[in-house]
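Student: Pasting a predicted model and its sequence here:
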Amino acid sequence: MTDLTPLFLGQSAEPLYIAGPCSAESREQLLTSARGVKRAGVEILRAGIWKPRTKPGSFEGIGDRALEWLAEAKREYDLRIITEIATPQHLDLALKAGVDGVWIGARTTTNPFATQQIADALRGVDTAVIVKNPVIPDVDLWIGAIERIYNSGVRRLAAVHRGFGTHQTTPYRNAPHWSVPIELHRRLPNLPILSDPSHIGGRRDLVAQLAQQALDLGFSGLMIECHPNPNEALSDAQQQITPESLKELIAQLQLRRSTNEGDLLSDYRLHIDSIDSRIIELLAERMDIAREIGSFKRKHGMAVVQHDRYNKLLVAAEAKAESMSIRKEFIHQIFSAIHEESVRQQLDLETETKA
Ligand code: PEP
Ligand code: MN
């Protein structure tokens, strides 16, 4: 993809900031958001109109009617406007309302039939298209969706990393799995990748640090959910920030140095950081399972430590480590510490149930 052009015509330099409410809720809420976003120095307003909600019965967006409010925000505050589309019909209505771009949400990107239908409808249309990552951490599925859109002739194209659904214990709503966008960048180096720290974090107190992490990793911009009264938001209330916080967040971001010879080292370091965070996530997943095992043992009157099992595990881990040029004493130390923590977690569970 060497012939991509900037996402928005006349776009100023990176990073590219997009902000706005998760959903358009009322004319007043949208116009207030637009004013706040503009005051924070952001030129592109996002708002969802058709909301793909996990559970039926939750707020599913205002629908077509809200397009007029977006168009009004564009005129009134001289902003560019984008919204999520999931069908060719959404695309048609959004384009008629004068949107400057559309994004394809995580649930839609997961479905190749849906992305192909949108791609077909985009043939011959000059608009910005932003493809969020699929719900599962499958880089090929993400690239597949991007290629479908590209093959329709769209050249104003970007990806958004919004994290991946997980059943693991993580502090995030959607696990970042940084290695996935890093791999996307390796495979499609010309494609801008933006980060959506709001959907990754799921909590407003995590948004600023995730935004900084994304810029440190070399992402091209950010999409941030911003609502004039976040606690009252009809969707994603916990992760939206006020326009004032948005302004402050942007002011505090440290922009990454442009490319020079120091960058290779920093790329290695960032890669190490992403591996370290995967190690922690894997340990958390292992502890979750240990606790499950703990309750099974308790139910069946079994002792917490099964020596046979622990010895077998150690021998296997040491052998594997040696075959990969890691000293077995080192692995022994690490696994003893992991095992000790697992046992502690299982014992905690025992005292919890007795209490
Ligand atoms: C959104 O941006 O509000 C949204 C629904 O995002 P995602 O598709 O990433 O869940
Ligand atoms: Mn949202």
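Tutor: Ah, there it is. Numbering: from 1, shown residues only. Ligands and ions are numbered 1, 2, ... in the order given.
Student: CA atoms for contacts and neighbours, from now on please.
Tutor: Fine.
Student: Contact partners for T87?
Tutor: Contacts here follow Cα atoms under 8 Å, 6 or more residues apart in numbering; on that basis T87 touches 114, 117-118.
Student: My error: substitute D216 in the last question.
Tutor: 255-256, 270.
Student: So which of the contacts of T87 wins on neighbours?
Tutor: Ranked by the number of neighbours (other Cα atoms under 10 Å), the contacts of T87 place I118 first, at 24 neighbours.
Student: That residue is in what secondary structure piece?
Tutor: Secondary structure assignment for I118, by DSSP states H and E: helix 112-122.
Student: next helix or strand past that helix?
Tutor: Moving toward the C-terminus from helix 112-122, the first helix or strand encountered (DSSP H and E) is strand 128-132.
Student: and that next one, what does it pack onto?
Tutor: Judged by 3 or more Cα pairs under 8 Å, 6 or more residues apart in numbering; DSSP states H and E, the packing partners of strand 128-132 are strand 101-104, helix 106-109, helix 139-151, strand 157-161.
Student: ok, now with 6 Å
Tutor: strand 101-104, strand 157-161 (3 or more Cα pairs under 6 Å, 6 or more residues apart in numbering; DSSP states H and E).
Student: So for ligand 1, which of those strands sits nearest?
Tutor: Proximity to ligand 1 (Cα to the nearest ligand atom) singles out strand 101-104 among these, at 7.0 Å.
Student: Might you calculate how far that closest one sits from the centre of the chain?
Tutor: With Cα atoms, centre = their mean, to the nearest Å as the basis, strand 101-104 stands 16 Å off its chain's centre.
Student: Give me the nearest residue to V42, chain neighbours excluded.
Tutor: In space, and not counting its chain neighbours, V42 is closest to Y17: 5.9 Å by Cα to Cα, 6 or more residues apart in numbering.
Student: tell me which parts of the stretch 1-150 of the chain are close to ligand 1?
Tutor: Contacts of the stretch 1-150 of the chain with ligand 1, taken as Cα under 6 Å from any ligand atom, map to 22, 48, 105-107.
Student: Name the nearest of the residues you listed relative to N151.
Tutor: Nearest to N151 among those: G105, at 18.9 Å, using Cα to Cα.
Student: Test my guess that that closest one contacts I130.
Tutor: No. Here G105 lies out of contact with I130, judged by Cα atoms under 6 Å, at a distance of 8.7 Å.
Student: For the chain, give me the ranges with low pLDDT.
Tutor: Across the chain, residues meeting the criterion (pLDDT under 70) sit at 257-267, 349-355.
Student: residue in it nearest to ligand 1?
Tutor: G105 (3.3 Å).
Student: Run through the residues that contact that residue.
Tutor: K132 (Cα atoms under 6 Å, 6 or more residues apart in numbering).
Student: and if you look at C226?
Tutor: In this structure, C226 makes contact with 20-21, 240-242, judged by Cα under 6 Å, 6+ apart.
Student: For it, give me phi and psi.
Tutor: phi -140, psi 130 (degrees, to the nearest 10).
Student: In stretch 63-75, which residues are buried?
Tutor: 66-67, 69-74 (16 or more other Cα atoms under 10 Å).
Student: How far off centre is that stretch?
Tutor: The mean C-alpha position of stretch 63-75 is separated from the chain mean by 26 Å, Cα atoms, centre = their mean.
Student: How about stretch 269-282?
Tutor: Using Cα atoms, centre = their mean, the offset of stretch 269-282 from its chain centre is 16 Å.
Student: again, but for stretch 184-194
Tutor: Distance of stretch 184-194 from the chain centroid (Cα atoms, centre = their mean) equals 15 Å.
Student: That stretch: end-to-end distance?
Tutor: Taking Cα to Cα, to the nearest Å, the first and last residues of stretch 184-194 lie 12 Å apart.
Student: cool, stretch 51-63 as well?
Tutor: 8 Å.
Student: Need the contact partners of that stretch.
Tutor: With contacts defined as Cα under 6 Å, 6+ apart, stretch 51-63 is touched by 49-50.
Student: what comes up buried for that stretch?
Tutor: Using 16+ other Cα under 10 Å as the test for burial, stretch 51-63 gives 51-52, 60-62.
Student: Taking those residues together, which two end up most distant?
Tutor: Of all pairs drawn from these, the one with the longest distance (Cα to Cα) is P52 and I62, at 11.9 Å.
Student: contacts for the helix holding I118?
Tutor: Residues from elsewhere that reach helix 112-122, judged by Cα under 6 Å, 6+ apart: 87-88, 148-149, 152.
Student: buried stuff in it?
Tutor: The neighbour-count check on helix 112-122 (16+ other Cα under 10 Å) flags 114-116, 118-119, 121-122 as buried.
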